[in-house]
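Visitor: Please find the sequence and the predicted model below.
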Amino acid sequence: MMKNEYDVIVVGAGPAGSVAAQYAAREGVSVLMLEKDRDVGYPVRCAEAINRRTLIQFIEPDERWINATITKFAFIAPNGIEAVIDFKSIQGYVLERRIFDYELAKQAAADGAEVVTRAYVYDLLFDENETVTGVKVEYRGEQLEIKSKIVIAADGVESRVGKWAGLDTTVDFRDMEACFQVTAANVPVAQDTLYFYFGKKVSPGGYFWVFPKGENTANVGLGVSGAECKKRSSLSYLTENLNRLYPNASILTQIAGGVPCVTTPDKFIADGVMLTGDAARQVNPLSGGGIASGMVGGSIAGRIAGEAIKNNNMQHIYKYKEEWHQARGHMHERFDKFKDVIYDFTDEEFNKIMEKLRALPDEKRTIRKLFMIALANKPSLLVDVAKLFIV
Amino acid sequence: MFRMAKNNKLMIEILPNKCDFCGCCVGVCPEDAIELKEAEINIIDPRCTNCAKCVWSCPIEVIKFNKEGVPVK
């Protein structure tokens, strides 16, 4: 059972935390991962779509946690016009995260990390130099102190660990996508397609999604920007869209959630602590996708933490920032610029973009082309598009 | 015990029976004034400045203003 000292403590057992724990453990250091909830992988606050290219770097695709295999994206304009991009190959998957997250935690455990659930971290330990030296945790009704050389905080959108270490991770409320999703039956959609709906009436400052989950079930949800949620709640938009599009839907699960659609803060590392995943705001700010980028962030954080301890060089953890930016951070900065433009479009503009995309022959409809059309009036951003899609 | 209105500003209250414990409000709170456990949420009274960012970001409208001061445990 839990010891009172580890090399690395990971707070939170989502995808970022589990991958961080696994990569640290692989370096041969002792790792404890703490999860506040009863279960790893539940509740699922996620639309569950991930791209294949990143996923396979971390785990072999397995039908036990894949609900749908995606080869097409469909974009639906406010006037109902639908433009489909057919990738003609497997682009990604819709996951069953209650199993997927569990598998990632098992991988971490198999590589030597210790995992404990129902363990709520409520504060940090510091030494006289204000270096983080462990966590205070509530476990089975007891308050314990567990020491560590490095704390990796993967404690999600609601992260507080960074703040306790003096890192400013507060998300501007306008950039917090306020989400609501149902997993519903009787939603007859193609099982190989992710559907994205846009428009001020549908999901202002965000989008409405229908992601297939197999056998006529789907994740149906939306995110609206905080600025819009201030005026009208995400739940009310979702209810309206669902009643209009799928009046026969039966709701199997329903859940609220927040996605921090921002770039990584200037500082997400302090002495003895590294943030990763949603806690470090490592989400693609345009799509809101965070599983893949969280695993990338977690893998870098975990490995670097392990290296720092092995080499007894605690300053090494600051290398994480540069590696993150090379892997994903710079890319997210470009997507963040697009976000500001795209979520400002009027319904008319969305209609025109989808019409133009739909008018193209099948083989010319690509994500790159979609951005070229959408950002045609912003020449400075076309450079970013070109750099993002060098193929 | 009651958390009383400060500076005659409106007070903020979370309706625990309606809360989904999603963490939006914690992410936007500039004062680290909200504590979220598995299925338990509390405003840390001395830190709250009634800025209302949590109210605005809540996807399901379970954080409310309350003029009277709200019960705290």
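Guide: That came through fine.

Visitor: Now A:Pro61: phi and psi?
Guide: A:Pro61 adopts backbone torsions of phi -50, psi 140, taken as degrees, to the nearest 10.

Visitor: typo on my end, A:Ala190
Guide: Torsion angles, degrees, to the nearest 10, at A:Ala190: phi -60, psi 140.

Visitor: ok, now which ones touch it?
Guide: A:Lys72, A:Pro212 (CB atoms under 8 Å, 6 or more residues apart in numbering or on different chains). Where C-beta positions appear, they are placed from N, C-alpha and C, glycine not excepted.

Visitor: what does B:Ala33 give?
Guide: B:Ile43, B:Ile44, B:Arg47, B:Cys48, B:Thr49.

Visitor: if you set the cut-off to 10 Å instead, what comes out?
Guide: Taking CB atoms under 10 Å, 6 or more residues apart in numbering or on different chains as the contact definition, B:Ala33 lies against B:12, B:25-26, B:42-51, B:54.

Visitor: And A:Ala301, by the same measure?
Guide: A:8, A:10, A:16-17, A:19-21, A:23-24, A:150, A:152-154, A:268-269, A:274-277, A:280, A:282, A:317, A:320, A:323-324.

Visitor: check which helix or strand covers it.
Guide: helix A:291-310 (DSSP states H and E).

Visitor: In space, what's closest to A:Pro43 - neighbours in sequence excluded?
Guide: Spatially, and ignoring its direct neighbours in sequence, A:Pro43 is nearest to A:Ile255 (6.0 Å; CB to CB, 6 or more residues apart in numbering or on different chains).

Visitor: Need the three-state assignment for that neighbour.
Guide: strand (DSSP: H, G, I helix; E, B strand; the rest coil).

Visitor: so what's it scoring on pLDDT?
Guide: The model reports A:Ile255 with a pLDDT of 98.

Visitor: Tell me how many other residues crowd it.
Guide: By other CB atoms under 10 Å in any protein chain shown, 20 other residues sit near A:Ile255.

Visitor: what does the one 3 residues further on give?
Guide: Neighbour count for A:Gly258, taken as other CB under 10 Å: 30.

Visitor: now swap in A:Glu96 and tell me
Guide: Number of residues near A:Glu96 (other CB under 10 Å) recorded here: 20.

Visitor: hang on, isn't it packed against A:Phe211?
Guide: No: contact between A:Glu96 and A:Phe211 fails when scored by CB atoms under 10 Å: they sit 11.8 Å apart.

Visitor: So which residue is dead centre in chain A?
Guide: Nearest residue to the geometric centre of chain A (CA atoms, centre = their mean): A:Gly290, 1.4 Å.

Visitor: what's it sitting at in phi/psi?
Guide: phi -140, psi -10.

Visitor: Spell out which residues of chain B are next to chain A.
Guide: Residues of chain B lying close to chain A (CB under 10 Å from any CB of the partner chain) are B:19-32, B:34-41, B:51-62.

Visitor: swap the cut-off to 8 Å and go again
Guide: Counting by CB under 8 Å from any CB of the partner chain, the residues of chain B close to chain A are B:20, B:22-24, B:26-30, B:32, B:35-38, B:53, B:56-61.

Visitor: Show the buried residues in these.
Guide: Buried residues within these, counting neighbours by 16 or more other CB atoms under 10 Å in any protein chain shown: B:20, B:22-24, B:26-30, B:35-36, B:53, B:56-60.

Visitor: need the strands for the stretch 101-250 of chain A, in chain order.
Guide: A:114-116, A:119-126, A:132-139, A:142-153, A:176-185, A:193-197, A:208-214, A:217-224, A:250-260 (DSSP state E, counting those that start in this stretch).

Visitor: Compare the contacts of B:Ala33 and tell me which is most surrounded.
Guide: Neighbour max across these (other CB under 10 Å) = B:Cys25, 29 neighbours.

Visitor: touching chain B at all, the host helix or strand of A:Met33?
Guide: In this structure, A:Met33 sits in strand A:31-34 according to DSSP H and E. No: shown here: strand A:31-34 not in contact with chain B (CB under 8 Å from any CB), separated by at least 12.5 Å.

Visitor: quick one: the next helix or strand after that strand to chain centroid distance?
Guide: Counting by DSSP H and E, the next helix or strand C-terminal to strand A:31-34 is strand A:49-51. Strand A:49-51 sits 10 Å away from the centroid of its parent chain (CA atoms, centre = their mean, to the nearest Å).

Visitor: Would you mind pulling the contact partners of strand A:49-51?
Guide: A:Ile70, A:Gln91, A:Gly92, A:Tyr93, A:Val94, A:Leu95, A:Leu194, A:Trp209, A:Phe211, A:Gly289, A:Ile291, A:Ala292.

Visitor: Throw together a ChimeraX command that grabs the buried residues out of those.
Guide: In ChimeraX syntax, the buried subset of the contacts of strand A:49-51 is picked out as below (16+ other CB under 10 Å):
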select /A:70,91,92,93,94,95,194,209,211,289,291,292
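
Visitor: quick check, nearest of the contacts of strand A:49-51 to chain B?
Guide: Nearest to chain B among the contacts of strand A:49-51 is A:Trp209, at 14.6 Å by CB to the nearest CB.

Visitor: Near residue 52, how many residues? Count them for me, please.
Guide: All of this refers to chain A. A:Arg52: 15 neighbours (other CB under 10 Å).

Visitor: Chain B is the one I meant
Guide: B:Ala52 - counted by other CB under 10 Å - has 15 other residues nearby.

Visitor: what do you get for A:Ile56?
Guide: Residue neighbour count, defined by other CB under 10 Å, stands at 10 for A:Ile56.

Visitor: That one and A:Lys387: what is the separation?
Guide: According to CB to CB, to the nearest Å, A:Ile56 and A:Lys387 sit 24 Å apart.

Visitor: Quick check on residue 22: phi, psi?
Guide: You didn't pick a chain, so chain A it is. As for A:Gln22, its main-chain torsions (degrees, to the nearest 10) stand at phi -60, psi -50.

Visitor: you looked at the wrong chain, it should be chain B
Guide: Torsion angles, degrees, to the nearest 10, at B:Cys22: phi -90, psi -30.

Visitor: and residue 34, what does it touch?
Guide: The chain I'm using is chain A. Counting by CB under 8 Å, 6+ apart, A:Leu34 touches A:Ile9, A:Val10, A:Val11, A:Gly12, A:Ala13, A:Val116, A:Ala119, A:Val121, A:Val135, A:Val137.

Visitor: Hmm, no, I was thinking of chain B.
Guide: B:Ile14, B:Cys25, B:Val26, B:Ile41, B:Asn42, B:Ile43, B:Ile44, B:Cys54.
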